[in-house]
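>>> Mind looking at a prediction? Sequence and model below.
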Amino acid sequence: MKGIGRSGSRASVAGVLASVVALTLLATLLLAACGGSNSTSASPSAAGSAPAAREVEDIRIIYDVRYMSRREGSLPPLLDVYAPKQGGPWPLVVMLHGGGLDTCWMGDWAAQVAQRGAVVFVPEWSRVLESELAAITAAESRASQVGQFGDVAAAVRFARGTGARYGGDPAHLTLFGHSAGAMQAASEAFSGAPASEGGLEGAGSTLPESLVLLDGDWMIIGDPMWNRLLAEDPGIMQVATPWQYVGRRVDFPVTVINSGDPYLSVPLGDPWAKDSWLVARDPSGKLRRGLEKLGAFRGHRFANDYQQALFAQRLRAAGDAVTFVTLKDSSHTELSPEGMTSLLEALVPGT
């Protein structure tokens, strides 16, 4: 983004203040623009008319573009597009929001990526409303997870097929996921899941040229719901996480980003006890042995940092090209200026 300097650069106090003011204004404009967008009610594109468009600073935003003709589940298959007003060709970036969030929440980050120089697609990948998760069964969760991987693949293919309309280069696509979105992005990219039926603009590869993952919940610690689902079906761990695909070797670089959020943790207990929540996630003990070597079991809480480090370590051991980044002064959902600079550099390097 123009208002934020590169990593390692020194900005004046006036420059930093100007950047903060610009970001605050941008966030305010995006929040106003998102009002009523991506609700479960009929959207303009769902009703058959043109998607809503808006210009914010030096980018244009097109809301509620349909990327699949149909989809099972409660949420419609819509996405938002953020594109520079100036001509490209720009790289493409597909950004997946976290669980319980929506495409509008990702709007501020997406706008900054577009301002840096990329055509950004932000799809609604979830099939389930947050209010439905408390009552979801293991069987329903399995079906939803598998379907969502295909929906992500459809969104990637749609971005390739339509990116040139917004000045994008379909040969250069980065897939990004945050939190639960990182789980979706990794599982789709590592498994090569085929696009769901009903995907529009169905030409082109569903695999990215690069993959960027922020705070993926690789041990699914983020919601107690997973304890219940794993009790019903221990195999959910293999479906909901990408561990089974790690080791296949991929042809694209992977960046694993750790927010460093000190509050993103859960009580540890005895990780080797038969009733440990970790046993349900790792019956063989393979992941726990790796976590133990990293020092994850030295305290009373299990921190998110360790699962990020283990995931990156396992990818490297498989021969994948991996970059591991820990952000400064950031949280799971709030990035510092330095943290945002690191994220932007990972998504649109060298600009």
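Cool, got the structure. Residues are numbered from 1 along each chain as shown.

>>> May I have the phi/psi pair for Arg70?
phi -160, psi 160 (degrees, to the nearest 10).

>>> out of everything not next to it in sequence, what's closest to the residue most central in space within the chain?
The chain has Gly177 as the residue nearest its centroid, 1.4 Å off, counting by Cα atoms, centre = their mean. Closest residue to Gly177 apart from its sequence neighbours, by Cβ to Cβ, 6 or more residues apart in numbering: Ala185 at 3.1 Å. C-beta here means a position set from N, CA and C on the backbone, and glycine is covered the same way.

>>> Would you tell me what helix or strand that neighbour is located in?
Using DSSP states H and E, the element containing Ala185 is helix 180-191.

>>> Need the mean per-residue confidence for that helix.
Average pLDDT, helix 180-191: 96.

>>> How about stretch 322-339?
For stretch 322-339, the mean confidence score works out to 97.

>>> Endpoints of it, how far apart?
End-to-end distance of stretch 322-339 (Cα to Cα, to the nearest Å): 19 Å.

>>> What about the residue lying closest to Leu264 once chain neighbours are set aside, how many residues nearby?
Ranked by Cβ to Cβ, 6+ apart and with sequence neighbours excluded, the top spatial neighbour of Leu264 is Asn304, at 3.9 Å. By the criterion of other Cβ atoms under 10 Å, Asn304 has 25 neighbours.

>>> go on, the one 10 residues further on?
Residues near Arg314, counting by other Cβ under 10 Å, number 18.

>>> now swap in the one 10 residues further on and tell me
Other residues within reach of Phe324, judged by other Cβ under 10 Å, total 16.

>>> which residues does the residue nearest to it when sequence neighbours are not counted contact?
Of all residues not flanking Phe324 in the chain, Ala312 sits nearest, at 4.2 Å (Cβ to Cβ, 6+ apart). Counting by Cβ atoms under 8 Å, 6 or more residues apart in numbering, Ala312 makes contact with Val256, Val322, Phe324.

>>> Show me what the first one is bridged to.
Val256 has the following beta-bridge partners by DSSP bridges: Leu213, Phe324.

>>> you'd agree it is up against Thr323?
Yes - between Val256 and Thr323 there is a contact under Cβ atoms under 8 Å: 7.3 Å.

>>> so where's the stretch 201-350 of the chain uncertain?
Within the stretch 201-350 of the chain, no stretch has pLDDT under 70.

>>> which stretches of it form helices?
225-232, 236-240, 277-281, 286-294, 304-317, 337-347 (DSSP state H, counting those that start in this stretch).

>>> Nearest to Trp90 among those helices would be which one?
Trp90 lies closest, by Cβ to Cβ, to one member of the helices of the stretch 201-350 of the chain: helix 337-347, at 11.8 Å.

>>> Now the closest one: buried residues?
Buried residues in helix 337-347, counting neighbours by 16 or more other Cβ atoms under 10 Å, are found at Pro337, Glu338, Gly339, Met340, Thr341, Ser342, Leu343, Leu344, Glu345, Ala346, Leu347.

>>> Output the contacting helices and strands for the helix holding Ala185.
When contacts are defined as 3 or more Cβ pairs under 8 Å, 6 or more residues apart in numbering; DSSP states H and E, helix 180-191 sits against strand 90-96, helix 138-162, strand 168-178, strand 210-214.

>>> want to throw the ones you listed into JSON lines with distance to Trp272?
Listed next are those as JSON lines, based on distance: least, Cβ to Cβ, whole Å:
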{"stretch": "strand 90-96", "distance to Trp272": "34"}
{"stretch": "helix 138-162", "distance to Trp272": "25"}
{"stretch": "strand 168-178", "distance to Trp272": "31"}
{"stretch": "strand 210-214", "distance to Trp272": "28"}
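
>>> Among those, single out whichever gets nearest to Ile236.
Evaluated over these, closeness to Ile236 peaks at helix 138-162, with 5.8 Å, by Cβ to Cβ.
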